[in-house]
Structures are given as C-alpha cells and as structure tokens.
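A.B. asks: Here's my sequence, what's the structure:
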Amino acid sequence: MENRNNITEFILLGLSQKKEFEVLRFLLFLLCYIAILIGNLLVMISINCSQLINQPMYFFLSYLSLSDLCYTSTVTPKLITDLPAVKKTISYNGCMTQLFTMHFFGGIEVFILTGMAYDHYVAIWKPLRYTVIMTRQKCGIMTAASCAEGFLYSFGQFLLAVFLPYCGPNEIDHYFCDVYPLLKLACIDTSRICLLIFVTSGLMGLVTFVVLLISYAVILYTVRSYCVENCRKALSTCSSHVTVVVLFFAPLFFIYIGPATTLPEDKVLALSYTIIAPMLNPLIYTLRNMEMKNAIKKLCSSFNFPWDKVRE
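C.D. replies: As a prediction, this is how the structure comes out:
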C-alpha cells in the first residue's frame, strides 16, 4: 500500500482527552471484549457441534457470531491497548487496513441480518415450502453473496480514503480509522466525496431497510390469523432479530446516512455497533431460545470439569 503523501502515521485522540478514568475504561472494555469472545465463540461452537447447524436460522446465526467476532476485533483490541498508552498512534497502512476490514465485516453483518429477515419471512409466509426454499445450498449462496457485497462496499470506502492526499495535521478525532474523520484531514475539497459516501451508504441502507420492512410487514400481516400460542412463538422468534437490527442499524444510520460531519456524539454511538451489539447479540439469541440453551448445555456437559467430579 503506497503512501503518496507526507503522513506516515496518525494519532488517534480516542474517546476522550480526560485521563482520570482511563484505567476504569481499560478494565471495562477489556471485560467487554472477553465477554464478546466467550459469547460469540460459545454460540458458534454450540451450533456447529449440534444438529442446529442444519437449520437455516442457526446457520445464519453462526455466521453472524463470526462476523461479530471479526468486526469487533478490528477495533476493540486497538482501543484497549491505546487507553494506557501515552501516545495513541497507528501507521498509515494500519489505518487503511483497519478502515477496510471494519467496513468489510460490518457490511457482511448488515447483509447477514437481511438474510435472516428473509429466512423469518419464508418460515412464516410459506411454512409448507420452507425446507424447499431455504436449502443448505441457498443459505450458503446467500452467505457467500453477503461476503461479496461486504467486500465491494468496503473496497469502495477504502478507495475513497486511500487516494486522498494527507498533508497534516494527522490527529484523528476518533478511537479508530473511519472515512469521515479521515476526510477532515485531507488537503483537498472533499465535498463531492462526502456526497458519494452518503449515496453509497444510503443506497445500501435503503435497500436493506426496504427488505427488512417488507419482511416484517408480511410477517405481521400473516400472524394475525394464527392462534394466540403460535402468534406469540412467531413474534418471540422475530423479536430477537428486530432487537439486534435496531442495536446495530440505528447508530449506523445516524452516522453514515446523516450529514457528512463528525460530532463528539459519533464516538459514543460507535461504541454501540463496535462493542455493545457484538456483546449483547449472543445473549439476545440465547436467553429466550430453548434450542440454543440446550445446545450450550450439551456442549458444556461434554467437557469433564474438575468441579463436576467433586460434586459427584
């Protein structure tokens, strides 16, 4: 990756310039990252080591956990290691790599969530043809398409940032490298680039929003004819997905589809989709899901822990 300007590294200003609570923030984010690793790995292993992997819903959930894990790992470890550091720097190549990978895994997550909405739509709208429509091959194609679409989106964002001239200053008012903070450091007028980012992000957001809206409009229309018990079960399954979508999409819409500016509040909102959502997703999908609970219990029971022998 060739750097054609005089900037070789960037300084990340982080979440806040106040030093009083850095130790507390370090411990908090470290615990959050450990929870993200344990929660998402547990979901992935439990699904892949059980018959749940043969069901489309859990097939997508496994890949959602993987994308969550990869997505947060592009940002959170750097945030944690930077907190106790005196000078929070990132190389030019490291910054561009972080920008690409973050948008790549974030894009995959957006499209997988959309695929999960389609899965719920088919399950409720056409239950008799569900197994015919949602075959393992089709689920694999949808997942591969999510990866391809995520790559194309992130590559576009990467190209917009990598060819900009950065002449100084080199301070990024964020805790990771993102497009809008980098545009503020460019030596040229970036108004057209901001418009292009708005259009591309807006188009992706609009398409996914329309798919989600149509899916759940059909679902709500269909469950009206269900008995109370089946209606409650169907809505309970969909409510987990809706909660995850809101946690992930809401701050993204505010930051990337709003005005092309960077606000102090953006850093706080970014915590929602880089740390909070990946941490809560395993809990949201397991707390009210008996199949996931049983899969996790079965996985845990397969290990012979020392305290199990003591109890016996």
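A.B. asks: the strands in the stretch 101-250 of the chain, which residues?
C.D. replies: In the stretch 101-250 of the chain, the strands defined using DSSP state E, counting those that start in this stretch lie at 171-172.
A.B. asks: So which residues of it form helices?
C.D. replies: 130-133, 136-162, 179-183, 191-223, 228-256 (DSSP state H, counting those that start in this stretch).
A.B. asks: Indicate which one of the ones you listed is closest to E109.
C.D. replies: helix 228-256 (6.8 Å; C-beta to C-beta). C-beta: built from backbone N, CA, C; applies to glycine.
A.B. asks: Give the buried residues for the helix or strand following the closest one.
C.D. replies: Downstream of helix 228-256, the first helix or strand assigned by DSSP states H and E is helix 264-271. Neighbour counts using 16 or more other C-beta atoms under 10 Å place 266-267, 270-271 of helix 264-271 among the buried residues.
A.B. asks: One more: stretch 215-230?
C.D. replies: Neighbour counts over stretch 215-230 (16+ other C-beta under 10 Å) mark 215-216, 219, 222-223 as buried.
A.B. asks: of those, closest to S73?
C.D. replies: S215 (29.5 Å).
A.B. asks: Kindly compare burial across the helices of the stretch 101-250 of the chain and name the winner.
C.D. replies: Highest mean neighbour count of those: helix 179-183, a mean of 21 (counted as mean count of other C-beta atoms under 10 Å).
A.B. asks: Other residues contacting that helix?
C.D. replies: Contact with helix 179-183 is made by 95, 99, 157, 160-161, 164, 166, 172-174, 190, 193-194, 197, 255, 260-262, 266, as judged by C-beta atoms under 8 Å, 6 or more residues apart in numbering.
A.B. asks: what mean pLDDT does that helix have?
C.D. replies: Averaging pLDDT along helix 179-183 gives 87.
A.B. asks: what's the spacing between that helix and its chain's center?
C.D. replies: Relative to the centre of its chain, helix 179-183 is centred 20 Å away, using C-alpha atoms, centre = their mean, to the nearest Å.
A.B. asks: Could I have the CA atoms of it written out in CSV?
C.D. replies: Presented in CSV, the C-alpha positions along helix 179-183 are these (Å, rounded to 0.1, in the frame of the first residue of the first chain):
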residue,chain,number,x,y,z
VAL,A,179,-14.0,7.6,6.4
TYR,A,180,-15.5,10.8,7.7
PRO,A,181,-12.7,11.6,10.3
LEU,A,182,-10.1,10.9,7.6
LEU,A,183,-11.8,13.3,5.2
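A.B. asks: Show the contacting residues for C231.
C.D. replies: C231 is in contact with 223-224, counting by C-beta under 8 Å, 6+ apart.
A.B. asks: quick one: which of the buried residues of helix 264-271 is nearest to M279?
C.D. replies: L271 (10.3 Å).
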